[in-house]
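Asker: From the sequence below, what's the structure:
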Amino acid sequence: MRSSLILFFLSVTSFLFAQPSRVPEIQYQSVPDFLKLPPDLYLGEVAGVAVNSKRHVFVFSRGNSTGPAYGASAAQLLEFDADGRFLREIGHNLYAWSFAHTVKVDKEDNLWVTDKGSDMVIKFNREGRVAMVFGRKQEASDEGTAPLKHPKPPLPPVDGMFRQVTDVAWDAAGNTYISDGYINSRIAKVDKNGNWLKSWGEAGDQPGQFSTPHSIALDAAGNVYVADRGNRRIQVFDGDGKFLRQITIDVPVDPNARPAIGNKPNLSASDGPVTGNQTMAPGAPWAICITPPPNQVMYSSDGYPGRIYKLTLDGKVLGVLGESGKQLKQFGWIHEIACPSENEIYVGELLNWRVQKLILEPSH
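Answerer: Just a heads-up that it's a prediction; the model follows:
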């Protein structure tokens, strides 16, 4: 009996470890010079990218920087048409602009932005006017106004307020889910009228705990997917915050893979275990995106080795593409993904100050 159990364990282990090696490489193209910027307009780090029903592309960039070298205001929201031609700037000199993080489009084509620097979430209507405001930035006149600290133990969260908010998504009923964020380590839920309903989560590595919930998406069934970046996993909850499952992305890494910037992260057992914050570990989800129904898939990106993963909503890796670098089809810290369809995705990169429109070959 004991030998049978050992053989069973070895066969299961062999199966599990063999799976990643069969993950196919997805063939794809990057559209050259997709965005056409006016001569006097420049992108900074592209923190956010979104696409609406007209295929207009919205770019939330850390451009238009003003102020001192440290603590400058760095946020600018730009709209382009489906061919990448510049249309307009939205929210010029907006009070909430501080440090761009993400931009999303809801089912009614309203624009939502999260600003990590001002701790605010702003909803714009289709005309580009402010429709709702969530959170509140620090007052310039307050004594001690400065970048937020990371005290240990963390300060208790406050309903209606955020500390370095990261992303936003919605369910079919119009409820809004907000990942909050670098300090609070929780998910907030508000209704379609903007009323605060609840929040869940805290700092930690157990189910329902977070280490930088960095990106958030919902599927057609209303399940909430949270890119728990520092814990190198995607956690899945129902709409009330009940933990359902977690997804980890484990695909072998080319030993010659280069980081986009900085030193190669500690990965191998000979270097010691990867512990604590796993932001730069392979598979750690920086950005996630779920395609529209009926046949939904999820895309996730990591910082090293700079790949994009295509997954089922159950977490099976269907394919992988990309690597770190500065050329087309290479990536420098993908911070947000827009996926209006399974084989057309847009990626905003921090290090390369750009958006790439990627056309993927269909899976067979």
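
Asker: ok, now how distant is G44 from V236?
Answerer: The gap separating G44 from V236 is 33 Å, by C-beta to C-beta, to the nearest Å. Backbone N, C-alpha and C define where each C-beta goes, glycine included.

Asker: do D228 as well
Answerer: D228 sits 10 Å away from V236, going by C-beta to C-beta.

Asker: again, but for L318
Answerer: Counting by C-beta to C-beta - L318 and V236 are separated by 17 Å.

Asker: Geometric centre of this protein: which residue is closest?
Answerer: By C-alpha atoms, centre = their mean, the mean C-alpha position of the chain lies nearest to A287, the distance being 2.6 Å.

Asker: measure that residue to I334 for me?
Answerer: Between A287 and I334 the computed distance is 6 Å (C-beta to C-beta).

Asker: What is the burial count for the closest residue to R126 other than its chain neighbours?
Answerer: Taking C-beta to C-beta, 6 or more residues apart in numbering as the measure, R126 lies nearest to D109, with 5.0 Å between them; neighbours along the chain are not counted. Counted with other C-beta atoms under 10 Å, the burial measure for D109 works out to 12 neighbours.

Asker: The one 5 residues further on too?
Answerer: A total of 31 residues lie near T114 under the criterion other C-beta under 10 Å.

Asker: who does it bridge with?
Answerer: Under the criterion DSSP bridges, T114 forms beta bridges with T102, V121.

Asker: thought it was touching W97?
Answerer: No. T114 sits out of contact with W97 when judged by C-beta atoms under 8 Å, with a separation of 11.8 Å.

Asker: Mind listing the shared neighbours of the two?
Answerer: Between them, T114 and W97 have no joint contacts when contacts are counted by C-beta atoms under 8 Å, 6 or more residues apart in numbering.

Asker: for this protein, which spans come out with low pLDDT?
Answerer: Residues of the chain meeting the criterion pLDDT under 70: 1-21, 267-276, 364.

Asker: 90 instead?
Answerer: Low-confidence regions of the chain, defined here as pLDDT under 90, cover residues 1-22, 66-72, 138, 140-155, 266-277, 362-364.

Asker: When L318 and V236 are compared, which one has more neighbours?
Answerer: Neighbours per residue, other C-beta under 10 Å: of L318 and V236, the larger number sits with V236, 19 against 14.

Asker: now that one, what's its secondary structure?
Answerer: strand (DSSP: H, G, I helix; E, B strand; the rest coil).

Asker: what bridges to it?
Answerer: Under DSSP bridges, the beta-bridge partners of V236 are Y225, R245.

Asker: quick one: it and K242 touch, right?
Answerer: No. Between V236 and K242 no contact is recorded; they are 9.9 Å apart, counting by C-beta under 8 Å.

Asker: Any idea how far apart the tips of stretch 167-184 sit?
Answerer: Across its full length, stretch 167-184 reaches 13 Å between end residues, using C-alpha to C-alpha, to the nearest Å.

Asker: For the strand or helix carrying V320, which helices and strands make contact with it?
Answerer: Remark: V320 resides in strand 317-321, with elements defined by DSSP states H and E. Packed against strand 317-321, as judged by 3 or more C-beta pairs under 8 Å, 6 or more residues apart in numbering; DSSP states H and E, are the following elements: strand 308-311.

Asker: List the buried residues for the strand it packs on?
Answerer: Buried positions in strand 308-311, judged by neighbour count with 16 or more other C-beta atoms under 10 Å: 308-311.

Asker: for stretch 284-298, same thing?
Answerer: Residues of stretch 284-298 classed as buried under the neighbour-count rule (16+ other C-beta under 10 Å) are 284-291, 296-298.

Asker: any chance of those in JSON lines, with distance to V133 and secondary structure too?
Answerer: Formatted as JSON lines, the entries for those read as follows, by distance: C-beta to C-beta, whole Å; DSSP: H, G, I helix; E, B strand; the rest coil:
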{"residue": "A284", "distance to V133": "32", "secondary structure": "coil"}
{"residue": "P285", "distance to V133": "28", "secondary structure": "coil"}
{"residue": "W286", "distance to V133": "27", "secondary structure": "coil"}
{"residue": "A287", "distance to V133": "25", "secondary structure": "strand"}
{"residue": "I288", "distance to V133": "26", "secondary structure": "strand"}
{"residue": "C289", "distance to V133": "25", "secondary structure": "strand"}
{"residue": "I290", "distance to V133": "26", "secondary structure": "strand"}
{"residue": "T291", "distance to V133": "30", "secondary structure": "coil"}
{"residue": "Q296", "distance to V133": "31", "secondary structure": "coil"}
{"residue": "V297", "distance to V133": "33", "secondary structure": "coil"}
{"residue": "M298", "distance to V133": "30", "secondary structure": "strand"}
